[in-house]
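Peer 1: Sequence and predicted model, in that order:
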Amino acid sequence: MSEIIIFLGQLHDHIIDQFFDSRKRIFFLYLFSAFFISVIWLKYVKLLKFKEIINKLFDRKVYFSPSAKQDYLLTIFNQIIMLIISPYLLTQLAFATFLFNFLHKFSFSPQLYAGIFSDLMVAILFTIIFFIIDDFARFYVHRLLHKVPLLWTFHKVHHSAKKLNPLTVYRSHPVEGIIFSIRGALVQGFLISTFVFCFGSQVDILTIYSANFLAFVFNITGSNLRHTNIEIKYFPFLEKIFISPYQHQIHHSCIKEHHDKNYGVVFSIWDNIFGSLLLSHNVEKVKYGLYKDNFYSKNSTLYLYIYPFYESL
């Protein structure tokens, strides 16, 4: 009984921490900034009145929809599952240690560039390179989740949402959560080990944590708007560099012409290179959900967990 109480306490803290951890998408400052940006957009771009803005931001048809309620349940259950299995997943430290020892084993010259750059320059290089490579890795894994039939059976849980809200980001199958966890560990481990190998003691905890700066900038500038009913578009030239909130909403659309478009998270450059870029000014409306898929349409959380395993057999 005491173990259950301890676990429930850990779960409670884990969920609450999501709102106070700047590394999480639903950090309270990110939610507030998304709200602020939405008000500005609706007021000065869409020219809505105050009552219309409030109705748009707190649309009951969105936040009390069966799809949204399912998002809330999946968020809680996924936190429970990841809390249980996370100690057994690959960590960036473990992979970084393995790769660092691997490089030494083959007698590459360690700390070859130590002292060439200042500590500040090393931190800046690490931050920029990490942000770019991490974003490409997220893009490519996301693309594979759509292109590989076995992976799609699990990723379609996320795309089964018929209404979008900030917690839709947690609407995913645990298998997908494991895939992205491993992806993050591999990318971070690779860069940490490579930089330590090249620059030695110039890479410290502060250098590694500085890599979160650009992620903070991305999140504070409205990343949560991607999973909302606020259709914010960028200028066409800007959407060829950065994914706008509406471009990601297009990605969620079940309209056939929108399939396999806009996989990017931050940069749309990857989509442009791989031929999957769709600019928002070419799209007038979207419709969320799955297109002619045999996925179970009723709002059963248990089914969302079990059916992908059945379909993958």
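Peer 2: Arrived safely.
Peer 1: Now do the same contact list for P166.
Peer 2: 25-26, 31, 34, 224, 227-228 (C-beta atoms under 8 Å, 6 or more residues apart in numbering). In this view, the C-beta of every residue, glycine as well, is placed from N, C-alpha and C.
Peer 1: quick one: secondary structure of D260?
Peer 2: Classification of D260 by DSSP: H, G, I helix; E, B strand; the rest coil places it in coil.
Peer 1: And for it, the neighbour number?
Peer 2: 14 (other C-beta atoms under 10 Å).
Peer 1: before we move on, what about A185?
Peer 2: Number of residues near A185 (other C-beta under 10 Å) recorded here: 18.
Peer 1: how close does it get to L31?
Peer 2: Distance of A185 to L31, computed by C-beta to C-beta, to the nearest Å: 27 Å.
Peer 1: now do I53
Peer 2: Distance from I53 to L31, by C-beta to C-beta: 17 Å.
Peer 1: Which pLDDT value belongs to N101?
Peer 2: Here the pLDDT value assigned to N101 is 69.
Peer 1: Next: N299.
Peer 2: 62.
Peer 1: can you count the residues close to V283?
Peer 2: Quick note: V283 (other C-beta under 10 Å) scores 19 neighbours.
Peer 1: Once you drop chain neighbours, what's closest to it?
Peer 2: In space, and not counting its chain neighbours, V283 is closest to I250: 5.4 Å by C-beta to C-beta, 6 or more residues apart in numbering.
Peer 1: Kindly report the same for S172.
Peer 2: S172 sits nearest to H158 (C-beta to C-beta, 6+ apart), 4.9 Å away.
Peer 1: tell me the secondary structure for V175?
Peer 2: At V175, secondary structure determined by three-state DSSP is helix.
Peer 1: What distance do you get for it to K156?
Peer 2: 12 Å.
Peer 1: any idea how far the residue nearest to S172 is from Y170?
Peer 2: 9 Å.
Peer 1: Can you show me the strands along this protein?
Peer 2: All residues of the chain lie outside strands when identified by DSSP state E.
Peer 1: unless I'm mixing things up, F139 is touching W270, no?
Peer 2: Yes. Contact criterion C-beta atoms under 8 Å: F139 and W270 qualify, at 4.3 Å.
Peer 1: what sits in contact with each of the two?
Peer 2: With C-beta under 8 Å, 6+ apart as the test, F139 and W270 both reach 263-264.
Peer 1: These two - which one has more neighbours?
Peer 2: Per other C-beta under 10 Å, whichever of F139 and W270 has more neighbours is F139, with 24 against 21.
Peer 1: what's near enough to touch that one?
Peer 2: Residues in contact with F139 (C-beta under 8 Å, 6+ apart) are 263-265, 267, 270-271.
Peer 1: so which of these comes closest to I124?
Peer 2: Among those, F267 lies closest to I124 (C-beta to C-beta), at 18.5 Å.
Peer 1: Kindly provide the distance from the residue nearest to the closest one when sequence neighbours are not counted to L278.
Peer 2: Distance criterion C-beta to C-beta, 6+ apart; nearest residue to F267, sequence neighbours excluded, is D135 at 5.5 Å. Counting by C-beta to C-beta, the gap from D135 to L278 is 18 Å.
Peer 1: For burial, what's the neighbour tally of the residue lying closest to S312 once chain neighbours are set aside?
Peer 2: Leaving aside its sequence neighbours, S312 sits nearest to T153 (C-beta to C-beta, 6+ apart; 4.9 Å). Counted with other C-beta under 10 Å, the neighbours of T153 add up to 20.
Peer 1: My understanding was that T153 contacts E311; is that so?
Peer 2: Yes. Look at T153 against E311 with C-beta under 8 Å: they come within range, at 4.6 Å.
Peer 1: returning to that earlier point: looking at the contacts of P166, which one is closest to V203?
Peer 2: R25 (26.8 Å).
Peer 1: how about that closest one, what does it touch?
Peer 2: By C-beta under 8 Å, 6+ apart, R25 lies in contact with 166, 169, 219, 223-224.
Peer 1: Also D134?
Peer 2: Per C-beta under 8 Å, 6+ apart, neighbours of D134: 184, 187-188.
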